[in-house]
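Peer 1: please find the sequence and the predicted model below.
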Amino acid sequence: MNVLSLFDGMSCGQQALERNGIKVDSYFASEIDKYAITVTMANYPNTKQIGSVIDVDGYSLPKIDLLIGGSPCQSFSFAGKRKGMSTKDEQEILTLEHYLQLKKEGFEFEGQSYLFWEYMRLLNECKPKYFLLENIEMGERWEKVLSKAIGVNGIHINSSLVSAQNRKRIYWTNIGLEPSGLFGYPQSIIEQQNDKGILLKDILENQVDEKYFLSDKALKLLGDKIINKSMSNKKSMTIDSSYFKGVGIRCGDCRRIVVHNTMPRSSKTGKGGTGLLSRADGKTYCLDTGNTNAIEINDNIIKSREVKQINPSLESGGVQPYQQNRVYDTNGISPSLCANLGGDRSYLLNLPKIRRLTPTECERLQTVKDNYTNHVSDSQRYKMLGNGWTIDVICHILNYIKI
């Protein structure tokens, strides 16, 4: 099988193919990040690196059997401006033909999400037997645009089924499509995976280097935000998952947490500023790009929490969480990894110390084997893991390939 991987990153696709025992003759990787390439080549030295997706000529490649990729999501994400795909002068791009014309005329594009059309260009040029595209959960309008362009509806899968991480993504693929109904329209037979019940506490390292713990100086700066440093059988300590903005989370009892934030009041509902953390399945809500606050509670008082924003974006239907209020709970599921997880706002509370997740723990959240990324600095490891795929989800989809 010849594989073309666009936006290859640290070669998550190659890991999934290997794990599924699918023989790869040639693996062509389009990637520009030198650190991700370093990790890929350290693990898969036979990878054929072919540079930027913009410069890839599908007609010059040998027959491609599988095209995979996860195009940039920032302009689709609820955490971003959600401008979708457009030029800098705000011309929306809704078809491949329009994109190619604008590209030919030298227009500049907004953000990076327009690179979806480069995926579509190469899908048309290579005409592979199978394709797989991943992207973030997005507004209904843009999801329909992508689905119409690629010709199939996306499959919504949450990584929490196979890992200790809440990570909702959409997968567009012709893998597992079979004729259905009177007229034989193809429908996906890919089923949702069974929940393995993996919690955050299940993937934590037993011994953690001191460099991942906050210094005494940093703890002192946080001191006025950690109001109650004791925990009892009835109440947890007051914790602040947005201390850098002066807002926080108050934990009253084992059933209710009130989130205070600085979001303005909704013009339609008149509500805002407070949200609730609560759900019964022991899983915390998804953490998107830019949101790296994480607190681990090593006590059974807080068992499951989810932020539900009362003043959300209109496109999210009234439930989109405010991105700076999240909690890591070892009795629950981790929020989704993001590219800047190595920043100074990602912490686990391990009384009496506070620390951030280690790169190895982040690998486990993505179901990547331990130390796969240890060929670069921690900051680069965090970044590529946040940008990567949950390998076990991709393995599940690839299981439906008929070889």
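Peer 2: Thanks, I have the structure now.

Peer 1: make it CA atoms for all contacts and neighbour counts henceforth
Peer 2: Fine.

Peer 1: show me where pLDDT drops low in this protein?
Peer 2: Low-confidence segments of the chain (pLDDT under 70): 74-83, 219, 221-353.

Peer 1: ok, now with 50
Peer 2: 80, 224-329, 342-346, 351 (pLDDT under 50).

Peer 1: count of residues packed around residue 382?
Peer 2: Counted with other C-alpha atoms under 10 Å, the neighbours of residue 382 add up to 25.

Peer 1: wait, I meant residue 88
Peer 2: 12.

Peer 1: could you dump the strand or helix carrying residue 141 to CSV, C-alpha only?
Peer 2: Element membership for residue 141, per DSSP states H and E: helix 140-150. In CSV, the C-alpha atoms belonging to helix 140-150 read as follows (Å, rounded to 0.1, in the frame of the first residue of the first chain):
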residue,chain,number,x,y,z
GLU,A,140,-23.0,23.0,11.6
ARG,A,141,-22.6,25.4,8.6
TRP,A,142,-18.9,24.7,8.0
GLU,A,143,-19.2,21.0,8.7
LYS,A,144,-21.8,20.9,5.9
VAL,A,145,-19.4,22.7,3.6
LEU,A,146,-16.6,20.2,4.2
SER,A,147,-19.0,17.2,3.9
LYS,A,148,-20.4,18.5,0.6
ALA,A,149,-16.9,19.0,-0.8
ILE,A,150,-15.6,15.6,0.2
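
Peer 1: which other residues reach it?
Peer 2: Contacts to helix 140-150, defined as C-alpha atoms under 8 Å, 6 or more residues apart in numbering, come from residues 76, 84, 94-96, 120, 153-154, 172, 315.

Peer 1: and of those, the nearest to residue 217?
Peer 2: residue 76 (38.3 Å; C-alpha to C-alpha).

Peer 1: returning to what we had before: output the contacting helices and strands for whatever helix or strand comes next after the helix holding residue 141.
Peer 2: With elements assigned by DSSP H and E, the helix or strand that comes after helix 140-150 is strand 155-158. Here strand 155-158 touches strand 168-173, going by 3 or more C-alpha pairs under 8 Å, 6 or more residues apart in numbering; DSSP states H and E.

Peer 1: go through the next helix or strand after the strand it packs on and flag the buried ones.
Peer 2: As assigned by DSSP H and E, the chain's next helix or strand after strand 168-173 is strand 177-180. Going by neighbour count (16 or more other C-alpha atoms under 10 Å), the buried part of strand 177-180 is residue 177.

Peer 1: now swap in stretch 91-100 and tell me
Peer 2: 92-94, 96, 99.

Peer 1: same question for stretch 24-32.
Peer 2: Of the residues in stretch 24-32, those buried (16+ other C-alpha under 10 Å) are 27-32.

Peer 1: and stretch 138-145, by the same measure?
Peer 2: Buried-residue list, stretch 138-145, by 16+ other C-alpha under 10 Å: 138-139, 142-143, 145.

Peer 1: distance to residue 209 added to those, as JSON lines?
Peer 2: Listed next are those as JSON lines, based on distance: C-alpha to C-alpha, whole Å:
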{"residue": "138", "distance to residue 209": "37"}
{"residue": "139", "distance to residue 209": "41"}
{"residue": "142", "distance to residue 209": "43"}
{"residue": "143", "distance to residue 209": "42"}
{"residue": "145", "distance to residue 209": "46"}
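
Peer 1: list the contacts of the residue lying closest to residue 19 once chain neighbours are set aside.
Peer 2: Excluding its sequence neighbours, the residue lying closest to residue 19 (C-alpha to C-alpha, 6 or more residues apart in numbering) is residue 395, at 7.2 Å. Taking C-alpha under 8 Å, 6+ apart as the criterion, residue 395 is in contact with 16-17, 19-20.

Peer 1: is it true that residue 395 lies in a helix?
Peer 2: Yes - per DSSP: H, G, I helix; E, B strand; the rest coil, residue 395 lies within a helix segment.

Peer 1: looking at the contacts of residue 395, which has the most residues close by?
Peer 2: residue 16 leads these on contacts (other C-alpha under 10 Å) with 23 neighbours.

Peer 1: how near is that residue to residue 147?
Peer 2: If you measure residue 16 against residue 147 using C-alpha to C-alpha, to the nearest Å, the figure is 24 Å.

Peer 1: same check, this time on residue 209
Peer 2: 45 Å.

Peer 1: ok so, going back, and which of the buried residues of stretch 138-145 is nearest residue 385?
Peer 2: Nearest member of the buried residues of stretch 138-145 to residue 385, counting by C-alpha to C-alpha, is residue 138, at 20.5 Å.

Peer 1: ramachandran coordinates for that closest one?
Peer 2: phi -140, psi 180 (degrees, to the nearest 10).

Peer 1: chain neighbours aside, what residue packs nearest to residue 360?
Peer 2: Residue 360 sits nearest to residue 370 (C-alpha to C-alpha, 6+ apart), 5.7 Å away.

Peer 1: for residue 390, same thing?
Peer 2: residue 366 (4.4 Å).

Peer 1: show the contacting residues for that neighbour.
Peer 2: Counted by C-alpha under 8 Å, 6+ apart, residue 366 has contacts 163, 165, 385, 388-391.

Peer 1: could you dump those residues into a markdown table and include distance to residue 199 and neighbour count?
Peer 2: Converted to a markdown table, the contacts of residue 366 look like this (distance: C-alpha to C-alpha, whole Å; neighbours: other C-alpha atoms under 10 Å):
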| residue | distance to residue 199 | neighbour count |
| --- | --- | --- |
| 163 | 7 | 27 |
| 165 | 8 | 31 |
| 385 | 18 | 27 |
| 388 | 20 | 23 |
| 389 | 18 | 27 |
| 390 | 15 | 27 |
| 391 | 17 | 24 |
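
Peer 1: list the residues that contact residue 27.
Peer 2: With C-alpha under 8 Å, 6+ apart, residue 27 has these contacts: 2-5, 14, 46-48.

Peer 1: the residue nearest to residue 390 and residue 392: what is the separation?
Peer 2: Where residue 392 is concerned, residue 366 sits at a distance of 8 Å (C-alpha to C-alpha).

Peer 1: thought residue 114 was touching residue 86?
Peer 2: Yes - using C-alpha atoms under 8 Å, residue 114 is in contact with residue 86, at 6.8 Å.

Peer 1: identify the contacts common to these two.
Peer 2: Joint contacts of residue 114 and residue 86 (C-alpha under 8 Å, 6+ apart) are residue 93.
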